[in-house]
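Novice: Pasted the sequence and its predicted model underneath.
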2 protein chains.
Amino acid sequence: MQISKALLGLVKQKGLAGVTMGEIAKEAGMATGTLYIYFKNKEELINYLFFDCRKEALKNYFLNYNESKSFKTGFRTVWMNILNFRIQNFEEVVFMDQCYHSPFINECTMKLTKEMKKPLYKLIERGKDENIFKDMDSMALLTFMIGSIHEGVKNAHYNQKTLTKKDIDSMFKMCWDGMKK
Amino acid sequence: MQISKALLGLVKQKGLAGVTMGEIAKEAGMATGTLYIYFKNKEELINYLFFDCRKEALKNYFLNYNESKSFKTGFRTVWMNILNFRIQNFEEVVFMDQCYHSPFINECTMKLTKEMKKPLYKLIERGKDENIFKDMDSMALLTFMIGSIHEGVKNAHYNQKTLTKKDIDSMFKMCWDGMKK
DNA sequence: TTCATAAATGAATAATTATTCATTTATGTT
DNA sequence: AACATAAATGAATAATTATTCATTTATGAA
């Protein structure tokens, strides 16, 4: 939706703290009042987008994942999906980051987004079941995986570095070597 | 300073977007006008704190680092320092995170904070020189190191999990295994 | 103690921004 | 076309919040 696009763009430019309803409307090509037809207020708009981004992201993470292939292949697929999604949707990454400690996101939205991570846990657990990953807390493993991607994508962006296939393969190798037994 | 403490506390509670000068003053136990004796305006206050937090953090990272000891020992020391600092100063982590895409932080502050990372690069390069770390871009290695800590600390905090010594050792092992050849 | 200077106050003002609503414009049905 | 309904507008209003400044309070030197 154009409202979402506008909000994402503005947050990337000036952060959540610098975004006004007036600007969002202008950027979305509509009158301020029109925003209030679709969303009760700013908080609701931001919660909607927050949840929507999570949904959109998770939808992409398991593209081309095929459980019948080897674990490493599957894990690599998901890892690459997450990386690519975050590179191509960096605005969403920024927006989500900014939301975590904002006064806008409510408990409910937060809980729902946590729920959605389950498929990722399943993936990690498969790695442990097949005796490939270290015998550690699944959450710690997942966090490490996400960290290897998240920090890498942010860093590349802030330093205007385009990640080459070689860069990405090295990043994956670090993550894999760190997680495997 | 009490103003800094107040700002950090409030940002953790409600995010940068939700903090007003009035609240900062109240939290710091002074009148609103008093803030303007010390800082020209909100932007200056936030820039000051941003830079100050970076300085404070980096000061701690090399505590007890002894170049004459083995690389692994030194690397472990720094890694632990970063982790502990972030656990014990989680408010600062949140504040810094929120600032990155805020309308408050100016170019100059941003540049200065980048400069300060140099000692960390040196550390990574030592690891490569001693043929211990993978033969990769130093920035990518450093980013991976930071990611392993950053995401871990955030996750532990958000899930109210206290990291045990065992948890931390496992986290370090993942990071080390990922970076070593 | 008296005076001068510095520091702090917080109510008043200026800006900014969220939200509303009377009016207009588009859409589609008879 | 005439009407009814839905969608959109944006100026006006209500809230919120940054900033100022006339006044008060502390500090310390003479």
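Specialist: Perfect, thanks for sending it. Residues are numbered from 1 along each chain as shown, chains lettered A, B, ... in the order given.

Novice: Just checking the distance from stretch A:73-92 to the centre of its chain.
Specialist: From the chain centre to the centre of stretch A:73-92 is a distance of 9 Å (C-alpha atoms, centre = their mean, to the nearest Å).

Novice: likewise stretch A:116-124?
Specialist: 14 Å.

Novice: ditto for stretch A:33-42
Specialist: Relative to its chain's centre, stretch A:33-42 lies at 26 Å (C-alpha atoms, centre = their mean).

Novice: Run the contact check for that stretch versus DNA strand D.
Specialist: Yes. Counting by C-beta under 7 Å from any atom of the strand, DNA strand D is contacted by stretch A:33-42 at A:33-34, A:36-38. No exception for glycine: its C-beta is placed from N, CA and C like everyone else's.

Novice: Any idea which helix or strand in chain A has the lowest mean pLDDT?
Specialist: Across the helices and strands of chain A, mean confidence by mean pLDDT, DSSP states H and E is lowest for helix A:107-115: a mean of 86.

Novice: what helices or strands is it leaning on?
Specialist: Packing partners of helix A:107-115 (3 or more C-beta pairs under 8 Å, 6 or more residues apart in numbering or on different chains; DSSP states H and E): helix A:42-61.

Novice: quick revisit: nearest to chain B among the residues of stretch A:33-42 next to DNA strand D?
Specialist: Nearest to chain B among the residues of stretch A:33-42 next to DNA strand D: residue A:36, at 19.6 Å, using C-beta to the nearest C-beta.

Novice: Name the helix or strand for that closest one, please.
Specialist: Residue A:36 is part of helix A:32-38 when elements are defined by DSSP states H and E.

Novice: Let me know whether that helix sits next to DNA strand C.
Specialist: Yes. Helix A:32-38 is in contact with DNA strand C by C-beta under 7 Å from any atom of the strand, via A:32-33, A:36.

Novice: Near DNA strand C, which residues of chain A? Just list them.
Specialist: A:18-22, A:32-33, A:36, A:41-43.

Novice: go again using 6 Å as the cut-off
Specialist: Residues of chain A lying close to DNA strand C (C-beta under 6 Å from any atom of the strand) are A:20-22, A:32-33, A:36, A:41-42.

Novice: what's the closest of those to DNA strand D?
Specialist: residue A:33 (1.6 Å; C-beta to the nearest atom of the strand).

Novice: what about that closest one, how many residues close to it?
Specialist: When neighbours are counted by other C-beta atoms under 10 Å in any protein chain shown, residue A:33 registers 9.

Novice: the inter-axis angle of the least confident helix or strand of chain A versus helix A:42-61?
Specialist: 10 degrees (axes from the mean of the first three to the mean of the last three C-alpha atoms, to 10 degrees).

Novice: and helix A:107-115, how far from the chain's centre?
Specialist: Distance, centroid of helix A:107-115 to centroid of chain: 14 Å (C-alpha atoms, centre = their mean).

Novice: Can I get that helix as CSV, trimmed to CA atoms?
Specialist: Taking Å, rounded to 0.1, in the frame of the first residue of the first chain, the C-alpha atoms of helix A:107-115 are listed here in CSV:
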residue,chain,number,x,y,z
GLU,A,107,2.1,-5.7,23.7
CYS,A,108,-0.3,-7.6,21.4
THR,A,109,1.6,-6.8,18.2
MET,A,110,4.8,-7.7,19.9
LYS,A,111,3.5,-11.1,21.0
LEU,A,112,2.1,-11.9,17.6
THR,A,113,5.4,-11.3,16.0
LYS,A,114,7.2,-13.6,18.4
GLU,A,115,4.8,-16.4,17.6
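
Novice: Contacts for that helix, please.
Specialist: Contacts to helix A:107-115, defined as C-beta atoms under 8 Å, 6 or more residues apart in numbering or on different chains, come from residues A:47, A:50-51, A:54.

Novice: burial measure for residue A:52, as a count.
Specialist: For residue A:52, using other C-beta under 10 Å, the count is 13.

Novice: measure it to DNA strand C for me?
Specialist: Counting by C-beta to the nearest atom of the strand, to the nearest Å, the gap from residue A:52 to DNA strand C is 18 Å.

Novice: Spatially nearest residue to that residue, not counting backbone neighbours?
Specialist: Ranked by C-beta to C-beta, 6 or more residues apart in numbering or on different chains and with sequence neighbours excluded, the top spatial neighbour of residue A:52 is residue A:4, at 6.7 Å.

Novice: Just the CA trace of the helix or strand hosting the one you found, in PDB.
Specialist: Residue A:4 belongs to helix A:2-14 when assigned by DSSP H and E. The C-alpha coordinates for helix A:2-14 follow below in PDB (Å, rounded to 0.1, in the frame of the first residue of the first chain):
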ATOM      1  CA  GLN A   2       1.200   3.500  -0.700                       C
ATOM      2  CA  ILE A   3       0.800   4.600   2.900                       C
ATOM      3  CA  SER A   4       3.100   1.800   4.100                       C
ATOM      4  CA  LYS A   5       5.700   2.600   1.400                       C
ATOM      5  CA  ALA A   6       5.600   6.300   2.400                       C
ATOM      6  CA  LEU A   7       6.100   5.500   6.100                       C
ATOM      7  CA  LEU A   8       8.900   3.100   5.400                       C
ATOM      8  CA  GLY A   9      10.700   5.600   3.200                       C
ATOM      9  CA  LEU A  10      10.400   8.400   5.700                       C
ATOM     10  CA  VAL A  11      11.500   6.300   8.600                       C
ATOM     11  CA  LYS A  12      14.600   5.300   6.800                       C
ATOM     12  CA  GLN A  13      15.300   8.900   6.000                       C
ATOM     13  CA  LYS A  14      14.700  10.500   9.300                       C
END
